[in-house]
Every structure is written in structure tokens, then in C-alpha cells.
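# just need the structure, nothing else, for what follows:
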Amino acid sequence: MQEPPAPVPVAPPTEGGGKVRRVESVVGRDGSGGGWRRLAQVVIGSGGSRTDGSEIDEARARAVFNGSRRVVVLGCTGGAGQTTTALMLGHAFAMHRDDGVLALDANTGDNTLTGKIQADSPETLSSLLAGLDDVGGYLGMRAYTTRTPSGLEAVGADTDAGAEQRMADRTLFSDQRIGQAMDMFDHYYRLVVVDPAAALAARFLPYADQLVLVVPASEDGPDAVAMTYEWLDGHGCAELRRRAIMVVNGVSRRSMAAVEQAEAVARGRCRAIVRVPWEDDLAPGGSGPMEPERMRAAGRRAYLALAGVVVAGFAVPPHTGNPGTGTGNQGKRSEEEVAQ
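Numbers count the residues shown, from 1 in each chain. Next up, the predicted model:
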């Protein structure tokens, strides 16, 4: 693997007083030896007139690809921000694409994706699996989802006292049933973002076209990255891990030492690294639905960059080697990069 390009020197302040940090990135190299690079100019401070690269990120997020795709989001440790990342990535897709986008909440507990939206459907993943054979057409599928203001649809989590027991039921949550559901999603949605419980993670990985790993910007991050990579390799997912995107979540000036250590562990072992800044409104315990409008500009830009990097990885055919057979009816609905 080639060494990353040398950093571009910091530019002088712009006329508006903002300092410009230039970050050169290489991403999207495929088996044909192709690839491309961009020069992102990030304005720090107010009044700057240079682009921050958002236009390029948006163009990448909107890029056309064949088939339907599935993105599985996993946290490298508890509290990493797996669910928030899955939700905000889904929002970014829905806001910038004309495709159908579905978030599948396959988690349990108090801090589920379903709890971070204004859920309007009593249906859950287990009720969908139970009624799978009776779903007819998009309207039948829509009866099991909540639609958010961004256009993202979500299948709700099971959060009652018997949720974990139902997930352990290999009759309801059988591999065959999960595969049938994933294939059905392909008929109505171009993009499916999966937020699985730890107990289901290994069972959803075979359906992933793209894996997004989330690590917190904390001193536990480097060890969490190393253990997650070891677990993935041990479960036969080394190739999926090499194509994965690492999200370093909750980055701030105070956490930079831990951030850089986590990135040092990940570098060369995944396709891309994306930094997401700390957001008070997205911290655990926050009230109200998690909407992109609640974030500061830097946070929105980071999730847009993440969406662009994810789509840039869809050059390979969908669902290669997956047990599913989805072909997708898509109506409406490394190199390494550090996106800062």
C-alpha cells in the first residue's frame, strides 16, 4: 500500500479572517487500480470564503450505483455512538438522495434508534418478521415503518421486557427469516442501514455491502479498535473489515491524543477514517428526536462526508458472497481518508 501523500502546508488566513487547513485525501481505489483524490479546504473561524469541501461530499453522496445496498453499523465498544451514527447516516442518505432509505433498528434496551425519532408505528422488527409472508407491495411494507422529516424510514426496535428472549428465538429470528426480510427490503429501498444488537451482529454481517465501525474519542478507543478487528477477522470478515469505514466519534481538542492513537491502530487496516465532532445535542440522555437540524455545521458536514465515503465504496457488485439473493427494485425512495 502506498504511503499517504504528504500534508499540504497550512494556508494563510483568508480575507474574512478564517484560517484554512488543507487536507489532501485519497479514497475510492478499486481493483482496477483507479482512484481519485480531492483537496478539501476547511475554514476555521468565521468570515472565511473558501469551500469546506461540502459540495464534493454531497456530489459523492448523490452518486449513482447499481442495485440496492446494505450498510451495517457496529460500535467497537459500548457507548461508542453506534446508534447515533446509524441514524445520522440514514438521515444524510435520505436528505441528499432520491432513493428510498430504510433504517433497521435491530437493537434492544433504552437507547435504541427508535427512541431517537418520533415513532408513529407500533410495529417492530419482530412483528415484521412474524408477518413477513403477508407483506404485499410497498404499502404493506410501509405499515411497518415510521417516516421521519428527512424522508428516512425506520423499522422500530423491540424494547419491551421480552425483546431479548424473542431475539434468541431461532424460529422467529431464524437465519432464513432474516435473509427473507433483507431480500424484501431490496425491492423497496436502495439503501438499508442496520443498527444491530451485539447478539445479532454476527448474523447481519453476511448481508453487509459496507461496514461502518464506530469508536469513541476516548482513551479506550485504541484497544477497542484492535479487539474489534481481531473479532471480525476471527469471524471470517477480514475482507469486509478491510473495506470498512472507521468513524471516530465525539472528537474535540481535548480528545485529540486518543483520536490519533485510535487512528494509528486503524490506519492501513480499513478503507477510510472519518472524524465526527462532539455534539452536545447528540450526547446520551439528550431529549427530543435527533434531527440533523440540531447539529452544528461541522457535525452535519462530517455525516455528509461519511455518506459520501460510503457511496464511494459501492463500485463493487451488491451483496457479493451474501446468503441473501436480493436484486433490488429501486424506485424513489484504500486508501484512507480522514474527513475533519
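# where does the chain dip in pLDDT?
Counting by pLDDT under 70, the low-confidence segments of the chain come to 1-53, 283-288, 316, 319-340.
# for it, which segments count as strands?
Secondary structure of the chain, counting by DSSP state E: strands at 19-27, 36-44, 69-75, 101-106, 145-147, 153-155, 191-196, 210-216, 245-251, 272-277, 338-339.
# direction included, what does the fifth one pair against?
Spelled out, that is strand 145-147. strand 153-155 (antiparallel) (DSSP bridges).
# likewise the third one?
As defined by DSSP bridges, the strand partners of strand 69-75 come to strand 191-196 (parallel), strand 210-216 (parallel).
# deepest of these, which one?
Neighbour counts (mean count of other Cβ atoms under 10 Å) averaged over each of these peak at strand 191-196, with a mean of 28. Backbone N, C-alpha and C define where each C-beta goes, glycine included.
# who's in contact with that strand?
68-74, 82-83, 86-87, 89-90, 93, 97, 99-107, 112-113, 182, 185-186, 203-204, 207-208 (Cβ atoms under 8 Å, 6 or more residues apart in numbering).
# again, only using 7 Å
With Cβ atoms under 7 Å, 6 or more residues apart in numbering as the test, strand 191-196 has contacts from 69-73, 82-83, 86, 89-90, 93, 99, 101-107, 113, 185, 204.
# okay, the angle between that strand and strand 101-106?
Interaxial angle of strand 191-196 relative to strand 101-106 (axes from the mean of the first three to the mean of the last three Cα atoms, to 10 degrees): 20 degrees.
# tell me the domain boundaries of the chain?
Split into domains by automatic domain parsing, the chain comes to 1-52, 57-339.
# buried deepest among those, which one?
domain 57-339 (a mean of 19).
# now the helices for this protein?
Listed in chain order, the helices of the chain (DSSP state H) span 54-61, 82-96, 125-130, 137-142, 163-167, 175-188, 201-204, 221-234, 238-242, 256-266, 297-312.
# dump the ones you listed to JSON lines, plus distance to Pro289.
Listed next are those as JSON lines, based on distance: least, Cβ to Cβ, whole Å:
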{"stretch": "helix 54-61", "distance to Pro289": "22"}
{"stretch": "helix 82-96", "distance to Pro289": "10"}
{"stretch": "helix 125-130", "distance to Pro289": "20"}
{"stretch": "helix 137-142", "distance to Pro289": "20"}
{"stretch": "helix 163-167", "distance to Pro289": "21"}
{"stretch": "helix 175-188", "distance to Pro289": "23"}
{"stretch": "helix 201-204", "distance to Pro289": "25"}
{"stretch": "helix 221-234", "distance to Pro289": "28"}
{"stretch": "helix 238-242", "distance to Pro289": "31"}
{"stretch": "helix 256-266", "distance to Pro289": "28"}
{"stretch": "helix 297-312", "distance to Pro289": "15"}
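# for Leu152, which of those is the nearest?
helix 82-96 (3.9 Å; Cβ to Cβ).
# helices or strands next to that closest one in the packing?
Packing partners of helix 82-96 (3 or more Cβ pairs under 7 Å, 6 or more residues apart in numbering; DSSP states H and E): helix 54-61, strand 69-75, strand 101-106, strand 191-196, strand 210-216, helix 297-312.
# who touches the last one?
This means helix 297-312. Applying Cβ under 7 Å, 6+ apart, the contact partners of helix 297-312 are 27-28, 52, 54, 57-58, 60-61, 63, 65, 71, 88-89, 92-93, 96, 210, 245, 247, 272, 274-277, 279, 292, 337, 339.
# let me have the strands paired with strand 69-75 in a markdown table, adding distance to Ser252 as columns.
Shown next, in a markdown table, are those (distance: least, Cβ to Cβ, whole Å):
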| stretch | distance to Ser252 |
| --- | --- |
| strand 191-196 | 24 |
| strand 210-216 | 11 |
